[in-house]
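Engineer: need a structure here:
(chains A and B)
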Amino acid sequence: MKKALITGITGQDGAYLSEFLLNKGYEVHGIRRRSASFNMARIKHLCAHPRLKLHYGDLTDSTNLTRLIAEIKPDEIYNLGAQSHVAVSFEEPEYTADCDGLGTMRLLEAIRLLGLEKKTRIYQASTSELFGKVQEIPQSEKTPFYPRSPYGVAKMYAYWITVNYRESYGIFACNGILFNHESPLRGEEFVTRKITRAMARILLGEQKNLSMGNMNSLRDWGHAKDYVRAMWMILQQKKAEDFVIATGKQYTVRKFIELAAKELGITIAWKGKGVDEVGFVKAIKPLPGLDAEIKIKKGEVIVRVDPKFYRPAEVETLLGNPAKSRKVLGWKSEISFEGLVSEMAASDLKLALSEHCLNKAGYGAVKNC
Amino acid sequence: MKKALITGSRGQDGAYLSRFLLKKGYQVYGADRGGDTGIWRLRELGIEGQVKEIALDLLEPTNIMDALEKVKPDEIYNFAAQSIVKLSFEQPVLTAEVNAVGVTRMLEAIRKVCPKARFYQASTAELFGSTGGAQRNETTAFYPRSPYAVAKLYSHWITVNYRQVYGLHASCGILFNHESPLRGEEFVTRKITAAAARISKGLQSKVIVGNMDSRRDWGYAKEYVEGMWLILQQPKADDYILATGETHTVREFIEASFTAAGFKLLWKGKGLGEKGLDARTGKTLVEVSKEFYRQAEVDELVGDASKAREKLGWAPKTKFKDLVALMVDAEFKRLEKKKVNL
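Structural biologist: Presented below is the predicted three-dimensional model:
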């Protein structure tokens, strides 16, 4: 039986990947950080699985990582653990570098130190944020990087140290340069999930409006479920290589909002420019059975711009060229943009409805801060 | 009076820059680890005691902030680094902590304590790695080939990022190899020139080196520190390459060194078996060992310093042969001095 070790198993990709690997018959080991807040929501349905084993650990702790890898002797390591939020990296640049950059090297060093160079394959979660201020459109494996945040710079360190350990020690170490990949499991601090969550809550009167940053940003959005399959495929190749994983299509953040609203029966129209731009309700067509619960009215402003959500250095456009992954891996993004938004909107509507029902019944303790 | 803070002031570049700035009337503060090990450089340049010592370690954020508060520098030159490529394969974590995260700590401290100070980050040609003979300029894509280079790539980009995001006057000098009599002996050039002089005086029998086919763009460190200073005098912060645009192999460097020391070398054999023999006596003076090969080799590095020439008016003057000769000459002088002292 193959063994996989996943760092960041409690995150979106960790959850989808563990399910994927368990279905393939793997024994799956996951590293989670001890935290005062419960962070197991995404994998709680897998926790009872006899082939899933969780360990406490931390990418900033070399001894811990080395011990775990020595005990598990995994065939594959997926390094998904990271301080993964761009805006937070401006507040915590040192921690971001330690965890995202050096953390990757600690794993590679552990493989080398334990003499597992020939046994253990490692996947490094690289990101389209490496391209930042893009040097060509679309971005491929050959496009030079131009990171625009401490997160991007730390991830660039991780990218190159992975390449370097592959070249220097012959470790089967690969980067997947993944463009944005979303799902109902995305953290609420990420823009897509923030949007689908807010739209559902606004519809039911649980939230007044949605505050946005730059709505002109263009992103290449895929579904995380498709993308974890690519991670696994990358490690099954004969030769260790780096791959861009993307859909090859891009949409603005504004388009994402429109589509998320439409899934709930809201037609949004826009007024004003820049910081003064607002999105208002142009029409509502209540979803079946929801007529009585809908709290918004035609003409109401539900989207505003708040400059606090602008990035200090904007990444305006990201568009991946998935030609290599299609050709070499035979991978293709299966779930469309519309399908992705629709799934996220439906899932968040369900969540908002339960919140709404609790509130109506007087148990309104579930509040976002 | 202007104040400059130099981390790594007792390294090769730090020492030359200290002397250069002192001559310009700067008050110079130096932050160094490792006690007095590098003080000989300041002594050789005649500036011992003139650089004010300040306790600043790139591993400690609060200490950096505290030091900046005390000094209130106008200019900061960050040379402190684990600077040996080969050692970075043994100590990748320390290399990253100092060379990469250390720069983030420094930039964060500057942002909070002295955002008007100008910052120079010592980037390196090692960022480019090697993909053939083409010249590298400021727009060439990077390809680091060692934990040292990957860490330096991080610090290069974090410097660019802090300039763009916070408007700091922060610049990177991407310096190609720059040597001098003050190079540490763990670097191949100084190891060779020191060996050539010692062998000539009968104090050493031979020198063992790694890949002799590596080509490098070698300039004189004394001239390069002037380029660094010029970079910080520009109204706008930017990144520049400093280089000669000319490459020579390690083998050529060895030949030139032994010639300057009065030998004529004959080459025999190939690859790891290659030897440099004394043409007169037939004795083996140069040998090759795998030990000095890198895990991932960088075969050739050559820089295009046009931007520095146009914008800074900077150009290297000392030619390859003269550089090697002055390094060997300095070795002989040191040996003479030692003899006198004995």
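Engineer: all helices of the stretch 1-150 of chain A, in order?
Structural biologist: A:12-23, A:62-72, A:86-91, A:93-96, A:103-113, A:150-169 (DSSP state H, counting those that start in this stretch).
Engineer: what packs against the second one?
Structural biologist: Which is helix A:62-72. strand A:3-7, strand A:27-32, helix A:103-113 (3 or more Cβ pairs under 8 Å, 6 or more residues apart in numbering or on different chains; DSSP states H and E). Using the backbone N, CA and C atoms, a C-beta is placed for each residue, glycine as well.
Engineer: Most tightly packed of these?
Structural biologist: strand A:3-7 (a mean of 26; mean count of other Cβ atoms under 10 Å in any protein chain shown).
Engineer: before we move on, the earlier item: out of the helices of the stretch 1-150 of chain A, which one sits most buried?
Structural biologist: Of the helices of the stretch 1-150 of chain A, helix A:150-169 is the most buried (mean count of other Cβ under 10 Å), at a mean of 26.
Engineer: Return the residues in contact with residue B:303.
Structural biologist: B:125, B:135, B:136, B:137, B:174, B:176, B:217, B:241, B:242, B:243, B:244, B:245 (Cβ atoms under 8 Å, 6 or more residues apart in numbering or on different chains).
Engineer: before we move on, back to that, take the helices of the stretch 1-150 of chain A and write them to TSV, including distance to residue B:192 and mean pLDDT.
Structural biologist: Listed next are the helices of the stretch 1-150 of chain A as TSV, based on distance: least, Cβ to Cβ, whole Å; pLDDT from 0 to 100:
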stretch	distance to residue B:192	mean pLDDT
helix A:12-23	51	98
helix A:62-72	36	97
helix A:86-91	44	95
helix A:93-96	39	97
helix A:103-113	31	98
helix A:150-169	25	98
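Engineer: Output those helices in a markdown table, with distance to residue A:343 appended to each entry.
Structural biologist: Shown next, in a markdown table, are the helices of the stretch 1-150 of chain A (distance: least, Cβ to Cβ, whole Å):
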| stretch | distance to residue A:343 |
| --- | --- |
| helix A:12-23 | 13 |
| helix A:62-72 | 33 |
| helix A:86-91 | 24 |
| helix A:93-96 | 30 |
| helix A:103-113 | 31 |
| helix A:150-169 | 27 |
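Engineer: circling back to that earlier point, what's the closest of the helices and strands packed on helix A:62-72 to chain B?
Structural biologist: Set against chain B and scored by Cβ to the nearest Cβ, these come closest in helix A:103-113, at 5.5 Å.
Engineer: where does the chain have low pLDDT?
Structural biologist: The chain I'm using is chain A. In the predicted model of chain A, residues A:365-369 satisfy pLDDT under 70.
Engineer: nope, chain B please
Structural biologist: B:130-134, B:341-342.
Engineer: Which parts of the stretch 151-300 of chain A are helices?
Structural biologist: With helices called from DSSP H, counting those that start in this stretch, the stretch 151-300 of chain A shows them at A:191-203, A:224-235, A:253-263.
Engineer: outside of the strand or helix carrying residue B:123, which residues touch it?
Structural biologist: Per DSSP states H and E, residue B:123 falls inside strand B:118-124. Strand B:118-124 has contacts (Cβ under 8 Å, 6+ apart) with B:13, B:74-79, B:81, B:103, B:106-107, B:110, B:149, B:152, B:155-156, B:159, B:168-175, B:228, B:231-232, B:237, B:239.
Engineer: ditto for stretch A:103-112
Structural biologist: With Cβ under 8 Å, 6+ apart as the test, stretch A:103-112 has contacts from A:7, A:59-62, A:65-66, A:69-70, A:77, A:79, A:81-82, A:117, A:120, A:122, A:124, A:157-158, A:161-162, A:165, A:169, A:171, A:173, B:92-93, B:96, B:147.
Engineer: Repeat the analysis, applying 6 Å as the threshold.
Structural biologist: Stretch A:103-112 is contacted by residues A:59, A:62, A:65-66, A:69, A:79, A:120, A:124, A:158, A:161, A:165, A:169, A:171, B:92 when judged by Cβ atoms under 6 Å, 6 or more residues apart in numbering or on different chains.
Engineer: Please render those residues as CSV that adds distance to residue B:336 to the earlier fields.
Structural biologist: Converted to CSV, the contacts of stretch A:103-112 look like this (distance: Cβ to Cβ, whole Å):
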residue, distance to residue B:336
A:59, 54
A:62, 48
A:65, 53
A:66, 51
A:69, 56
A:79, 56
A:120, 56
A:124, 54
A:158, 51
A:161, 46
A:165, 47
A:169, 46
A:171, 50
B:92, 41
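Engineer: Of those, which pair is most distant in space?
Structural biologist: A:59 and A:169 (19.9 Å; Cβ to Cβ).
Engineer: Identify the residue spatially nearest to residue A:152, adjacent ones excluded.
Structural biologist: Excluding its sequence neighbours, the residue lying closest to residue A:152 (Cβ to Cβ, 6 or more residues apart in numbering or on different chains) is residue A:129, at 4.4 Å.
Engineer: From residue A:323, how far off is that neighbour?
Structural biologist: Distance of residue A:129 to residue A:323, given as Cβ to Cβ, to the nearest Å: 21 Å.
Engineer: neighbour-wise, which of the two wins?
Structural biologist: Between residue A:129 and residue A:323, residue A:129 has the larger neighbour count (other Cβ atoms under 10 Å in any protein chain shown), namely 25 against 14.
Engineer: mind listing what's buried in stretch B:192-203?
Structural biologist: By neighbour count with 16 or more other Cβ atoms under 10 Å in any protein chain shown, stretch B:192-203 contains the buried residues B:192, B:193, B:194, B:195, B:196, B:197, B:198, B:199, B:200.
Engineer: Out of those, which is nearest to chain A?
Structural biologist: For those, the nearest to chain A is residue B:192 (25.0 Å; Cβ to the nearest Cβ).
Engineer: where's the strand or helix carrying that closest one relative to the chain centroid, distance-wise?
Structural biologist: Applying DSSP H and E as the criterion places residue B:192 in helix B:188-200. How far helix B:188-200 lies from its chain's middle: 18 Å, per Cα atoms, centre = their mean, to the nearest Å.
Engineer: just stretch A:224-244 next, same as before
Structural biologist: Counting by Cα atoms, centre = their mean, stretch A:224-244 comes out at 16 Å from the chain centroid.
Engineer: tell me which residues in that stretch are buried?
Structural biologist: For stretch A:224-244, by 16+ other Cβ under 10 Å, it's A:224-235, A:240-244.
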